[in-house]
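Visitor: coords below, sequence missing:
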């Protein structure tokens, strides 16, 4: 969603104070992992979303680890 479309949505669904506080900045520096993906931070750093290849691989590893242990040590 583009910034303009988001601000249009916010002006219809939120108050003017919220709409005026919407700010989007792009950081083109590579992520620390170097694999790629997206990291979003909002509300002054209180909410963050990390959707990088490395974070998704770690999630898959952590969720599959019990099955892997059962297969190896059964």
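Guide: Cool, the structure landed. Since we're looking at a predicted model, the values are computed, not measured.
Visitor: Once you drop chain neighbours, what's closest to the one residue sitting closest to the centre of the chain?
Guide: Geometric centre of the chain, nearest residue: residue 49, 2.5 Å, by CA atoms, centre = their mean. Spatially, and ignoring its direct neighbours in sequence, residue 49 is nearest to residue 40 (4.3 Å; CB to CB, 6 or more residues apart in numbering). C-beta here means a position set from N, CA and C on the backbone, and glycine is covered the same way.
Visitor: And the one you found, its phi and psi?
Guide: Dihedral angles phi and psi of residue 40 (degrees, to the nearest 10) take the values phi -110, psi 140.
Visitor: That one touches residue 48, doesn't it?
Guide: Yes. Applying CB atoms under 8 Å as the test, residue 40 and residue 48 come out as touching, 6.8 Å apart.
Visitor: so how far is the host helix or strand of residue 65 from its chain's centroid?
Guide: Using DSSP states H and E, the secondary-structure element containing residue 65 is helix 53-73. Centroid separation between helix 53-73 and its chain, computed with CA atoms, centre = their mean, to the nearest Å, is 21 Å.
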